[in-house]
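S.K.: Here is a sequence with its predicted model. Questions after.
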Protein chains: 4
Amino acid sequence: MRAPGAATVIDGFRDECGVAAVCGHPEAANLVYLALYAMQHRGQESAGLVAADGERLRRHAGMGHVADVFTEDDLARLAGSSAIGHVRYGTAGGSSIDNAQPLVMEHRRGPVAVAHNGNLVNALTLREELEGAGSIFRCTSDTEVILHLVARSRAGSLVDAVAEALRRVEGAFSLVLQAADLTLAVRDPRGFRPLSIGRLPDGQPVIASESCAFDLIGARLERDLRPGELWICHADGREESLEPFEAAPSAACIFEYVYFSRPDSIVYGRPVGIVRSALGRELAREHPAEGDLVVPVPDSGVPAATGFAQESGIPFDFGLVRNHYVGRTFIEPAQSIRHFGVKVKLNPVRALIAGRRVVLVDDSLVRGTTMAKIVTMVRQAGAREVHVRISCPPTIAPCHYGIDTPRRAELIAARQPTDEIRAFIGAESLAYLSLEGLYRATAGTPRGAFCDACYTDDYPVQLVDGDAQREAMRRGRTIEEIRTTPRAPEGGGRQP
Amino acid sequence: MRAPGAATVIDGFRDECGVAAVCGHPEAANLVYLALYAMQHRGQESAGLVAADGERLRRHAGMGHVADVFTEDDLARLAGSSAIGHVRYGTAGGSSIDNAQPLVMEHRRGPVAVAHNGNLVNALTLREELEGAGSIFRCTSDTEVILHLVARSRAGSLVDAVAEALRRVEGAFSLVLQAADLTLAVRDPRGFRPLSIGRLPDGQPVIASESCAFDLIGARLERDLRPGELWICHADGREESLEPFEAAPSAACIFEYVYFSRPDSIVYGRPVGIVRSALGRELAREHPAEGDLVVPVPDSGVPAATGFAQESGIPFDFGLVRNHYVGRTFIEPAQSIRHFGVKVKLNPVRALIAGRRVVLVDDSLVRGTTMAKIVTMVRQAGAREVHVRISCPPTIAPCHYGIDTPRRAELIAARQPTDEIRAFIGAESLAYLSLEGLYRATAGTPRGAFCDACYTDDYPVQLVDGDAQREAMRRGRTIEEIRTTPRAPEGGGRQP
Amino acid sequence: MRAPGAATVIDGFRDECGVAAVCGHPEAANLVYLALYAMQHRGQESAGLVAADGERLRRHAGMGHVADVFTEDDLARLAGSSAIGHVRYGTAGGSSIDNAQPLVMEHRRGPVAVAHNGNLVNALTLREELEGAGSIFRCTSDTEVILHLVARSRAGSLVDAVAEALRRVEGAFSLVLQAADLTLAVRDPRGFRPLSIGRLPDGQPVIASESCAFDLIGARLERDLRPGELWICHADGREESLEPFEAAPSAACIFEYVYFSRPDSIVYGRPVGIVRSALGRELAREHPAEGDLVVPVPDSGVPAATGFAQESGIPFDFGLVRNHYVGRTFIEPAQSIRHFGVKVKLNPVRALIAGRRVVLVDDSLVRGTTMAKIVTMVRQAGAREVHVRISCPPTIAPCHYGIDTPRRAELIAARQPTDEIRAFIGAESLAYLSLEGLYRATAGTPRGAFCDACYTDDYPVQLVDGDAQREAMRRGRTIEEIRTTPRAPEGGGRQP
Amino acid sequence: MRAPGAATVIDGFRDECGVAAVCGHPEAANLVYLALYAMQHRGQESAGLVAADGERLRRHAGMGHVADVFTEDDLARLAGSSAIGHVRYGTAGGSSIDNAQPLVMEHRRGPVAVAHNGNLVNALTLREELEGAGSIFRCTSDTEVILHLVARSRAGSLVDAVAEALRRVEGAFSLVLQAADLTLAVRDPRGFRPLSIGRLPDGQPVIASESCAFDLIGARLERDLRPGELWICHADGREESLEPFEAAPSAACIFEYVYFSRPDSIVYGRPVGIVRSALGRELAREHPAEGDLVVPVPDSGVPAATGFAQESGIPFDFGLVRNHYVGRTFIEPAQSIRHFGVKVKLNPVRALIAGRRVVLVDDSLVRGTTMAKIVTMVRQAGAREVHVRISCPPTIAPCHYGIDTPRRAELIAARQPTDEIRAFIGAESLAYLSLEGLYRATAGTPRGAFCDACYTDDYPVQLVDGDAQREAMRRGRTIEEIRTTPRAPEGGGRQP
């Protein structure tokens, strides 16, 4: 039986993607590899790298974690002083090596590679139009639509063709592009997804979705790309910054703070860990709990729980222990063990919990099923009361801009008032941080600055693709690639 | 050190491709798998299958031999009552899973898969034109050009679009195409490459490059597709035959008789083994040798040697023993062992050879380097004289229609007269079958019926693609895919 | 370049082993698999399982993590109602599939399998004696010595033979043994290593090194095996408890509390997490620090840091973020990045640390090299002062009883006084918990009850094997198995 | 469905083993690798090598073909100037990496490795005795018995211990042994299995089961080891030859001529191919046939068919074509195709066969089932008559000395007279070569010189092991190793 991945055991959101680029460094591919390694949390399904030596692009990509996809030999063959890379999140149907990025094409003006974080809202509409005109698509990613638009552009230069292509797409894109002689980074006009520029000690620019990538390679964060900025670094080191799009209101994803980014990253100018523990403090102020012990749902609930404990003065302890060896493949017992799926990942510490009034803090509550199991488990370990506190508002709407949320019908808060959810999960009390509290924790950013559609159902950009198109894509295309999935290729468990 | 593949050890031609199709049978994929298995000699680099269930196509392809690419589970998942398949030859640069056929595309009119045997003479010209118009190419095969032409056609039906596309290409194509609801087979107007129709016991049609595929699956050979015939089998079993091309003189590849096809196949209406042993008899008549023993260069020289022995009355024996376990991966000794590369594959039997005048019979002599080593080896085993007889005319020109010959400059007979070649290989005598003898052995087919360009430098269709284009393609495209090459898995690939 | 494993990046101790057994349950192998999964932290090098169906033993073992070693099919083939299992720690030279346990032998009285946690102090002496008498050894583990002693015993029953064999060995052994018709568990007379009995809901007994294994499979902890207890469960469910050894003073390993066991396990009757946070509280009392922020070295320093913060009243926060995706194989950059090795695993959060007086809490300090890098890193992130607190006494002596400590010469506290160590790691202050504090945190256990040799150099049982024997074994035997090392299979190899 | 291996498709004998050794050459391991490669036909299940550098032995072994088991890196790590190697045949139950040879042990006098071709007739009896005395066996091979006898010997030197051990075993052994400072080769007193000494160009000795191994590495055959000879090559190059056994009548396996050895080997002083074609000539004299065409069953029937054709004057042709790509893994069609199993391997050429009286020549007829299918297939291809000629006498008794024959009950000639066999296979006539003819073809060797038990039921050495012991071993031991069987890697294994 396939293992319940993280997203199954602890229901919630799947990670999105991460991109990176390094320009003008003799070890470009190696540094991008490290940057991807630091951003592994943004996508565990596939990883890929393209390096440019001024003339040719070389690409290597594969399914799995960064450390598994690349060998030292692979990196050595990715010669050249510029490189881009991508880690990709996992989705059910579209999990395929063909979707692994960067995507490449031979273009009239030379080879081009693109790696993309985000989601377009008119990708399927454009795809139908392009297929109607005779374009052949190779995979199901939005990114390929961009490549085809670039290929068909009549613009005079590659940069112009890219700008022209991107003016036709709508939605979220933080992307990096590598040509033979230039590297390009661009963030959509609303700046849905983060994208930052850093500097290596010798001044070479680095691009990454999150600043933790800079820390690992010894670079420092310089600034975020501005929404709508198209930044170019030429092979000779010259950098340019263009603004090819019409201005639009900012809509940076607030969920990066709540859940996605690493706590040691600085996102939109603020340290994520600090924001996250402020979320816990705001939560403690808004929704105090009569408790003896603050217990985080590890690992993602830890920073908010720390803040909650600090603000409330209630002692903090790890009443739930997480098994960090939990992998993707796990064989379940045939017999029914109660709450087995959750126990593989979390085990309650009876000695801490028994007889206590426990305040469970987590950073999100999506379907509610996992939290129900955790509450039961904590109660079976002897908790006298269980109070659940969530460090963000109720999630009531799916994301269209690159975060793989469940469909609206599966979001418990989209269907039920909080008290019913409380009953469903079996807690003595349940409270969410308010939207105002969320904004306060980000140090007083005005409401308009972020995309908070998942909490408000108020989308900055509407979907263009119709339901029929989306349904067709969801059902899968009419060609299915059958891939043999050998286990343990050279089989770990292989004999001498 | 990488093993010298067959083509390296015994210099010569590389195999081309083989295609197959089965329509209207519940085990279509399984039968096509067996057909490919029977045609494994036509391509060892990759194998692929596409099955159609009336609505969707399912594809599985991989690098290596048919038996290694498909598992029982893969075949079970290739559901549907129609299927096409392909085995592909190996080339130096273009060896890549992306080039593995059948190629597929999502088309306005549904999914389409194509598998192609042959070579187009205007593929690069068309490709440049298509890329200029914004088409994105995924691999380097000629076949993808056909797909793009079909995708861009404005014709009303898929069959019309295919016909329109194929009218634009020039050169050799014996191809099979699978759509959701029909299977199509087509042979170019000159009929360069073979393609036959067979029938299963219950009447379902089968298509294959060679009739040995029919034998294995219990089908019988019905007839060859006519040059220029476009044959369709609809999902309801209805068959149609169209002639969408202008008529052209026949140019069936005569090399199928000399080298490529299996001896148990019937090609262009004649049993290949019979033709091949007739080549030996003609050779004995044209160029008798004063010898004590006829020794074939195994395995390909055996039928001609049998014929030579029968006609000449000289005893036949296996004076060279072939190691059938020779694989692609072979670690050479660091010390120099004389003629090592040849010895891995062939070992002389001193007891048969010593003191004898040996007549060595082979079916081709391309670069001459291997034959030089064999002659030396046979002489060292004690042969008193060595007379070499080749069962075809001197190879003086490369093939443009699907056979992977060395470049003209590497063909020894294109540069040197026979006597110099004789001196180079160190034989007492050397003789080739005449072109007339070759035609006689095919039971008197008139000269015009075959393409014999490799022996005559007289090409039925001229190359359209220019040298610059070919050179560009030869140098490789500007994007290189770096593939991790694990050892064993494809290492299995063992030559016959 | 090979990746720095956990033990390399953060210098310290390597994990030891874990054993488990389940008797009389139709899913015995599956439950042992889960028990091993829960104890993955006790050994990541290899995993193995033996199941008994009353007549035969079936075994499967492999290198790597539990989830990578076993497929569902493997488990299905491990038929039978009793099973034992083992996870093994990694050592440099002896890492080999031949050393993977359980070890098996065909015995006069039927097949026998043994899995062992601990280390014998006279294994090499016995081995030399056995080899001298003609026994052939297959691997380098202590456990094989036990098997040979059992094989050569003249005792009338298997249980008597086992008891006789174990009376000859000295040192630490918590072992499980599986015969065709009985399961046996035994703990050495001093009880060096933990071993507990649990019960499944239907009453079947379960054996495991740590109680967290019981939690995952729905069993409850019943009691520890007594030191010197030999417990037997027959195929018919009958349980027996023997005491075949002379009594000896208790010497339970105190390091299980400090570092090894999972915090949610109950070891020697006390919850590990509770003990660990008490260590932090004792430490805060003994060695208060003038600090603004308590920062744990994650993950192992977290519980003690929590206790330290609670006791001291200094705020607690995650000033070092750990990358949980860090795996075994990691390609380092060619250029020198400062503190790269540590950064792969830990990244300081400048926003929390800058300008603060940081109290760094960790659970051990072995060589000191990693802590030196962490202190520098924390200081570079802006810390005004760095005070290091270690939640155990200085480690001055290596373990002889199953924990893979560095040699004495590598233990910094064996060579240098605390103030020199402080200077070496570059901290403003450094303090260790006292031995008395350590005992106090275990709720007042009297000193004699534990083995604390690593802190006191006072060994309960002396080494019998001489230095020459140990040196010979350290150099390796004279036969070396060359194993092809495939690259990261599914390289699941994921660290906690 | 698992593929029918060679032995299944064409029923018959399985290959036995091959051994090799090289002494005093800097590339010893590489040369042994090549020697094994040349003897691949003697065993395709596993391959192994041990090299000695004067102090240590290094070993690498694996399942599958030589080219798949060793990488260049493996060979590089097998340092040292002496080496031995082994290829092993496949058996149903005992196919296991643990049985892969050479076997090694740490001995009082240093490390020892042994590789063995042959079968002992008292192995199980000795094993029971050794297990009773406390020896632990690791695998099921006879060879391990020899290792244990050496380990328990009290003799003063390793050579004496080996001689003492071998005096206790009975049956067939041609073995090579590698210690740190000497290489040893020995042939049992009756010389059941071949073993030869060759010389490299610089004089170093080479040992191999067959001389074809010498040809590939540029060595020349010097002589056979005498039956009962124990030959030693010391690290300093000194060679010795001892005769530690009582003399016994010669019993060289005559089956090496009939089937096993490569035709280009010189076995027992005679070229195998010459003997084999003489078998065909004798057969033609003894049992002439009224036929139009001599057709060999390829590949093994070819030499005898050549001889038959020469003697009879009937034309020879390849009326059955063999698919050399046939591998072990083959997925059969679900539908019933007539004679499918045979067709995968052999295809009749109707054009040669139709209307002819065919004389089918093969080198053995064991169960008769395959020949029955071939005769039917040939008849369906139009043969007017089918006359079967077998180039050896009826096989009526199983081999006890190292050849894996079917059990007596499965040997059709042990149960039925020739005419009934003829009726079973459906031929117009059937004839076997007589025992006298077989001896005549070996150039008049007197009858006593060979072991011909398979044709005469007259065994030179009786089985000591009882039926019960053999049955116990056949049923398998009571410990079963569950091995994950990954697909492709060993799937590559392709038959000649």
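M.R.: Looks like it arrived, so ask away.
S.K.: Where does pLDDT dip in the stretch 201-350 of chain A?
M.R.: Filtered on pLDDT under 70, the stretch 201-350 of chain A yields the residue ranges A:326-330, A:333-338.
S.K.: so where do the strands sit in it?
M.R.: A:205-208, A:220-224, A:230-234, A:239-242, A:252-253, A:266-267, A:270-271, A:293-296, A:320-322, A:346-348 (DSSP state E, counting those that start in this stretch).
S.K.: Now render those as TSV, adding distance to C:Val386.
M.R.: Bear in mind the C-beta positions are built from the backbone N, C-alpha and C, glycine included. Formatted as TSV, the strands of the stretch 201-350 of chain A follow (distance: least, Cβ to Cβ, whole Å):
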stretch	distance to C:Val386
strand A:205-208	28
strand A:220-224	22
strand A:230-234	38
strand A:239-242	38
strand A:252-253	35
strand A:266-267	22
strand A:270-271	20
strand A:293-296	26
strand A:320-322	28
strand A:346-348	33
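S.K.: Number of residues surrounding the nearest residue to A:Val275 once chain neighbours are set aside?
M.R.: Among residues not flanking A:Val275 along the chain, A:Tyr257 sits closest, at 4.7 Å (Cβ to Cβ, 6 or more residues apart in numbering or on different chains). A:Tyr257 has 26 neighbours, counted by other Cβ atoms under 10 Å in any protein chain shown.
S.K.: residues contacting A:Tyr257?
M.R.: Contact partners of A:Tyr257, counting by Cβ atoms under 8 Å, 6 or more residues apart in numbering or on different chains, are A:Val267, A:Tyr268, A:Arg270, A:Val272, A:Val275, A:Arg276, A:Leu279, A:Ala441, A:Thr442.
S.K.: re earlier: could I get the strands of the stretch 201-350 of chain A as JSON lines with mean neighbour count and distance to D:Val206?
M.R.: Formatted as JSON lines, those follow (neighbours: other Cβ atoms under 10 Å in any protein chain shown; distance: least, Cβ to Cβ, whole Å):
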{"stretch": "strand A:205-208", "mean neighbour count": "26", "distance to D:Val206": "59"}
{"stretch": "strand A:220-224", "mean neighbour count": "15", "distance to D:Val206": "65"}
{"stretch": "strand A:230-234", "mean neighbour count": "20", "distance to D:Val206": "62"}
{"stretch": "strand A:239-242", "mean neighbour count": "13", "distance to D:Val206": "67"}
{"stretch": "strand A:252-253", "mean neighbour count": "26", "distance to D:Val206": "71"}
{"stretch": "strand A:266-267", "mean neighbour count": "24", "distance to D:Val206": "69"}
{"stretch": "strand A:270-271", "mean neighbour count": "18", "distance to D:Val206": "71"}
{"stretch": "strand A:293-296", "mean neighbour count": "26", "distance to D:Val206": "70"}
{"stretch": "strand A:320-322", "mean neighbour count": "22", "distance to D:Val206": "61"}
{"stretch": "strand A:346-348", "mean neighbour count": "24", "distance to D:Val206": "62"}
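S.K.: These into a markdown table, with extra columns for distance to chain C?
M.R.: As requested, the strands of the stretch 201-350 of chain A are arranged in a markdown table below (distance: least, Cβ to the nearest Cβ, whole Å):
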| stretch | distance to chain C |
| --- | --- |
| strand A:205-208 | 13 |
| strand A:220-224 | 10 |
| strand A:230-234 | 19 |
| strand A:239-242 | 22 |
| strand A:252-253 | 19 |
| strand A:266-267 | 8 |
| strand A:270-271 | 4 |
| strand A:293-296 | 11 |
| strand A:320-322 | 4 |
| strand A:346-348 | 4 |
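S.K.: who wins for proximity to B:Val112 among these?
M.R.: Proximity to B:Val112 (Cβ to Cβ) singles out strand A:230-234 among the strands of the stretch 201-350 of chain A, at 37.1 Å.
S.K.: so A:Leu463, which of the three states?
M.R.: coil (DSSP: H, G, I helix; E, B strand; the rest coil).
S.K.: which residue packs closest to it, ignoring adjacent ones?
M.R.: A:Val121 is the one closest to A:Leu463 (Cβ to Cβ, 6+ apart), at 4.8 Å.
S.K.: How about A:Pro271?
M.R.: That would be C:Ala351: by Cβ to Cβ, 6+ apart, it lies 3.5 Å from A:Pro271.
S.K.: That neighbour is in contact with A:Ile274, isn't it?
M.R.: Yes - C:Ala351 is within contact range of A:Ile274, at 4.9 Å (criterion: Cβ atoms under 8 Å).
S.K.: Neighbour count: these two, which is higher?
M.R.: A:Ile274 (21 against 18).
S.K.: Next, the contact list for the more buried one, please.
M.R.: A:Ile274 neighbours (Cβ under 8 Å, 6+ apart): C:Val349, C:Ala351, C:Leu352.
S.K.: Now do the helix or strand harbouring the residue nearest to A:Pro271: which elements does it pack against?
M.R.: According to DSSP states H and E, C:Ala351 maps onto helix C:350-353. Contacts defined by 3 or more Cβ pairs under 8 Å, 6 or more residues apart in numbering or on different chains; DSSP states H and E place helix C:350-353 against strand A:270-271, helix A:272-286, strand C:293-296.
S.K.: Which among these is found nearest to C:Arg77?
M.R.: strand C:293-296 (43.6 Å).
S.K.: which residues are contacting that closest one?
M.R.: C:302, C:304-306, C:308-309, C:312, C:314-320, C:352-353, C:356-362, C:378.
S.K.: now do stretch A:144-164
M.R.: A:103, A:105, A:107, A:109-110, A:112, A:114, A:116, A:120, A:123, A:126-127, A:130, A:133, A:135, A:137-138, A:165-166, A:168-169, A:173, A:175, A:177, A:179, A:182, A:184, A:186, A:230, A:232, A:242, A:244-245, B:131, B:133-136.
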